[in-house]
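>>> Sequence first, predicted coordinates after that:
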Amino acid sequence: MIINLWYVAEWADAVKDKPVKAKVLGQDLVLFRDLEGKVKCLSNVCLHRGGSLSQGWVNEKKDCVVCPYHGWEYNGKGKCSKIPSEGDNFEVPPRFKVDSYPVEEKYGMIWVFMGDLPEEERFPIPPLPQYDDPNWRGLKTEYTWKAEASRIVENGIDIAHASFVHPVFGYPSTAPDNYIDEVEKHEWWGRSTNVMFPPQLKGGLFGWRKLIRKDKQETRVHPEWHLPGMTVKIQIDLRPGWQIVMFDANTPVDEHTTRTFAWQFRSFMKLKAFDKGSIQRLNTILLEDAAIVEASNPYYLPETLANEVSVKSDKFMSTFRMARRKLIEEKGWEIDLDARDTYKGRKVLTIPSPTRREAYENGQKWVFEKMPTVPALKEKAVLKDFEKQVSELTTEGANSEETIVD
Ligand code: FES
Ligand SMILES: [Fe+2]
């Protein structure tokens with residue numbers, strides 16, 4: 001699990017006038033709306049005796065969440081501003097603070113930045129222009145997987161599984177015909193163009209959906225990965241002017257559980273009457289993927305390509321694996337699960353927030369210790385090796401006994 005990225009903590013409409021508990025990267029959070037309707041996100045643990053802030057309430061002025069145990073109040077910046085037992089004139093010491101994480105409400109989702117980077121250094125939330133565009137009809141759903149998020153991202157951007165896992169997207173017999181046409185790779189996101197030959201669509205009243213495309217009609221599919229939100233976005237060009245866009249933010253609730261917040265947009269058949277079928281098909285796809293991914297081994301994404309074998313159809317997902325690896329090896333942003341578990345149940349460890357960084361800069365102490373992370377490597381041996389492996393996968397015609405079966 002990687003810190004210093006945006007993740008979706010909850011649907012926006014789930015956060016109303018009461019505090020809501022969320023969990024991201026194994027850490028409990030409390031979300032609440034202030035007087036202006038802005039969502040605030042704090043670490044869920046009270047500094048005093050460990051009360052769970054999400055069991056409390058929002059104060060009358062609507063600027064603080066109140067701990068249910070002894071009524072301490074915390075503002076949106078995580079500062080304790082009132083301790084009822086000490087009376088109205090008590091001045092709360094400046095170091096009485098919990099971590100407060102940056103929040104953005106976008107696409108009907110609450111995005112929280114789980115780290116302490118200054119704003120200008122944060123990778124952006126992935127774009128979703130379809131959300132505000134009346135030419136698209138959007139539907140949302142969600143699914144909780146018993147699987148680790150990066151395995152789910154790889155599954156989402158994988159071209160070759162469609163022929164086997166999703167009958168709606170492909171036939172085993174057309175698997176050799178599908179190919180990756182283009183790969184575009186950046187520091188925190190990537191996009192590819194795939195050409196596929198899916199079956200004719202079924203269903204609809206009197207089977208009208210078969211008119212959308214002919215059997216094995218050449219179809220362009222553009223998957224994207226974005227490290228922020230562990231997001232997968234897929235655009236499917238069914239025929240000119242008929243497109244589907246899927247947007248899945250895969251939140252690592254903890255290292256065993258991923259909650260996918262999913263939107264699906266379509267540029268055709270925008271009447272509500274067609275929603276039911278669309279959402280059913282989306283849910284079917286999620287379940288087909290989950291059956292495969294939840295049973296895969298190893299549970300976590302392998303550190304290199306060397307302990308699995310890869311072929312040309314894996315080259316796009318390898319770009320994701322490498323970009324993620326860079327955050328681990330070069331930046332040191334991976335949570336050290338073993339070190340964390342040493343203190344399980346005995347210490348509160350929190351992911352550092354910008355408020356904590358600010359306090360350190362002002363020479364203040366912080367009550368809760370930092371979530372341990374795996375230090376960046378001085379010798380980037382694994383990454384170097386990995387980079388070589390990926391470049392062999394992405395260079396047309398290149399080969400390597402280790403990684404490619406051509
Ligand atoms: S534990 Fe929260 S006020 Fe005492
Ligand atoms: Fe899939």
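Yep, it's here. If you're wondering where the values come from, they're calculated on a predicted model, not measured in any experiment. Ligands and ions are numbered 1, 2, ... in the order given.
>>> Can you name the residue of the stretch 101-250 of the chain nearest to ligand 1?
Closest residue of the stretch 101-250 of the chain to ligand 1, C-beta to the nearest ligand atom: residue 101 (19.3 Å). Glycine gets a C-beta too; all of them are placed from N, C-alpha and C.
>>> does residue 320 sit in a helix or strand, and which one?
helix 315-326 (DSSP states H and E).
>>> helices or strands next to that helix in the packing?
In terms of contacts (3 or more C-beta pairs under 8 Å, 6 or more residues apart in numbering; DSSP states H and E), helix 315-326 is packed against helix 149-156, strand 179-185, strand 189-196, strand 219-226, helix 381-394.
>>> Okay, helices next: where are they in the stretch 301-406 of the chain?
Listed in chain order, the helices found in the stretch 301-406 of the chain under DSSP state H, counting those that start in this stretch are 315-326, 337-342, 354-361, 381-394.
>>> Tell me which of the ones you listed is the most buried.
helix 315-326 (a mean of 22; mean count of other C-beta atoms under 10 Å).
>>> Just give me the neighbour total for the nearest residue to residue 174 once chain neighbours are set aside.
Using C-beta to C-beta, 6 or more residues apart in numbering and skipping residues adjacent in sequence, the residue nearest residue 174 is residue 197, 4.4 Å away. Neighbours of residue 197 under the rule other C-beta atoms under 10 Å: 18.
>>> how much space between residue 197 and residue 169?
10 Å (C-beta to C-beta, to the nearest Å).
>>> and what of residue 69?
On the measure of C-beta to C-beta, residue 69 and residue 169 end up 52 Å apart.
>>> okay, those two: which has more neighbours?
When neighbours are counted by other C-beta under 10 Å, residue 69 and residue 169 differ, and residue 169 comes out ahead with 22 against 15.
>>> Spatially nearest residue to the more buried one, not counting backbone neighbours?
Spatial nearest neighbour of residue 169, chain neighbours left out: residue 162 (3.9 Å); criterion: C-beta to C-beta, 6+ apart.
>>> Could you save the helices and strands packed on helix 315-326 as JSON lines and add columns showing distance to ligand 1 and mean pLDDT?
Shown next, in JSON lines, are the helices and strands packed on helix 315-326 (distance: least, C-beta to the nearest ligand atom, whole Å; pLDDT from 0 to 100):
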{"stretch": "helix 149-156", "distance to ligand 1": "31", "mean pLDDT": "96"}
{"stretch": "strand 179-185", "distance to ligand 1": "47", "mean pLDDT": "91"}
{"stretch": "strand 189-196", "distance to ligand 1": "40", "mean pLDDT": "94"}
{"stretch": "strand 219-226", "distance to ligand 1": "37", "mean pLDDT": "96"}
{"stretch": "helix 381-394", "distance to ligand 1": "43", "mean pLDDT": "68"}
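>>> any residue of stretch 9-21 up close to ligand 1?
No: counting by C-beta under 6 Å from any ligand atom, no contacts exist between stretch 9-21 and ligand 1, the nearest distance being 12.8 Å.
>>> Just the terminal-to-terminal distance for that stretch.
9 Å (C-alpha to C-alpha, to the nearest Å).
>>> from the chain's centre, how far out does that stretch sit?
18 Å (C-alpha atoms, centre = their mean, to the nearest Å).
>>> same question, stretch 123-139
Per C-alpha atoms, centre = their mean, the centroid offset for stretch 123-139 relative to its chain is 16 Å.
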